[in-house]
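# Using only what follows, build the 3D model:
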Amino acid sequence: MRSLARRLALPVAALSAALALTACQSGDTSAAAPKAPSQPSARTTGATPQPAPTGTPTGTPTGAPANADTTRPTAAPTSRPTGRPGTQPAARPQGADRVPCTAANTKIVASKVSRPINHLVLTVTNVGSRPCDAPHAPLVGFDHSQAPIRVLQGSKPQAVLGLAPGESGYASVILTGEPGGPGEDTHGTTVRTIRVNITPDSSTTVTAPSGTYADDGAAVSYWQQTLEDALTY
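Residues are numbered from 1 along each chain as shown. Predicted structure coming up:
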């Protein structure tokens, strides 16, 4: 009986040891295995998962901003306006503001010159506020003479003298005649005043330079734009 009990006790002890070993191995495996991270639930976060884009949108070039206007030119214009609107003066009709030169809007002065000899110069200056034109040669008379001296027709300029306010024109007065010409061996006189008709119906009287002597051969040129042109006659 004792022998039989010993035989039964050995298998029971072996079986208990095996079960204990198996239980230890199972506990170690569950302790060593890492737990998988828990995924947030869409219901708990309140966010709805969005599908990932699968490609580049077809309406916008790659790399361009989403709101870019691809129909506009990318190059800057090659020319720009040269001035601001309304800054350019309006064109005025030619001659619209011009008036005739008269004794009322001009001042005339008689002056001596050293060359050529026996010459005076009449200077007409526009003292008005508007441009004026002097289309005629001046009609010149000495003192109380009834007839004007002759006009040098060869001195008529190609263009009418036009004077802006403040500008001057010139006419040459030949005081004595050339030898063999009009006025030779005729009576001369000392001149004190000179009457000038800048137009046939507008006259003014100026003082002659001291010692002015004229004879019947005296003559006057047309109005010229420069003093040099006037003194060529």
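
# could you pull out the helices for the protein?
Using DSSP state H, the helices of the chain run over residues 2-32, 42-45, 227-230.

# any idea which of the ones you listed scores lowest on pLDDT?
Of all the helices of the chain, the minimum mean pLDDT falls on helix 42-45 (a mean of 43).

# Just the buried positions in stretch 189-197, please.
Within stretch 189-197, the residues scored as buried using 16 or more other Cβ atoms under 10 Å are V191, I194, R195, V196, N197. (C-beta placed from N, C-alpha, C; glycine too.)

# show me where pLDDT drops low in the protein?
By pLDDT under 70, the low-scoring segments of the chain are 1-96, 178-186.

# V99 is in contact with S129, isn't it?
No: the criterion here is Cβ atoms under 8 Å, and V99 misses it with S129 at 9.8 Å.

# In terms of neighbours, single out the busier of these two.
More crowded of V99 and S129, by other Cβ atoms under 10 Å: V99, with 15 against 9.

# just to revisit the earlier point, would you turn the buried residues of stretch 189-197 into CSV with distance to L120?
As requested, the buried residues of stretch 189-197 are arranged in CSV below (distance: Cβ to Cβ, whole Å):
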residue, distance to L120
V191, 9
I194, 8
R195, 13
V196, 11
N197, 16
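
# and which of those residues is nearest to E167?
Each of the buried residues of stretch 189-197 was checked against E167 using Cβ to Cβ; the closest is V196, at 17.8 Å.

# show me what contacts that closest one?
I108, L122, P138, L139, V140, S203, T204, T205, V206 (Cβ atoms under 8 Å, 6 or more residues apart in numbering).

# Put the buried members of these into a PyMOL selection.
Filtering these down to the buried ones (16+ other Cβ under 10 Å) takes a single PyMOL command:
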select buried, resi 108+122+138+139+140+203+204+206
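
# ok, of the contacts of V196, which one's closest to A214?
Out of the contacts of V196, the member with the shortest distance to A214 (by Cβ to Cβ) is V140, at 9.7 Å.

# so that closest one touches W223, yeah?
No: counting by Cβ under 8 Å, V140 stays clear of W223, with 11.8 Å between them.

# follow-up on the earlier one: just checking, which of the buried residues of stretch 189-197 belong to strands?
If you go by DSSP state E, the buried residues of stretch 189-197 have I194, R195, V196, N197 in strands.

# could these go into CSV alongside distance to G166?
Output for these, formatted as CSV (distance: Cβ to Cβ, whole Å):
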residue, distance to G166
I194, 23
R195, 25
V196, 20
N197, 23
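
# With respect to G217, which of those is nearest?
Ranked by distance to G217 (Cβ to Cβ), those are led by I194 at 16.2 Å.

# residues touching that closest one, list them.
The contact partners of I194, by Cβ under 8 Å, 6+ apart, come to A110, L120, L122, V140, G141, F142, V173, T205, V206, T207, A208.

# Return the set of residues that bridge with the closest residue to the fifth one other than its chain neighbours.
Distances taken as Cβ to Cβ, 6 or more residues apart in numbering place R195 nearest to G141, at 4.5 Å, with adjacent residues excluded. The bridge-partner assignment for R195, based on DSSP bridges, gives G141, T205.

# quick one: R195 and S202 touch, right?
No: assessed by Cβ under 8 Å, R195 is found out of contact with S202, at 11.6 Å.

# so what's H187 up against?
D215, D216.

# how much space between it and V151?
Distance, H187 to V151, by Cβ to Cβ, to the nearest Å: 21 Å.

# Ok, S114 next?
Distance of S114 to V151, given as Cβ to Cβ: 24 Å.

# Tell me which of the two has more neighbours.
Higher neighbour count among S114 and V151: V151, with 18 against 6, using other Cβ under 10 Å.
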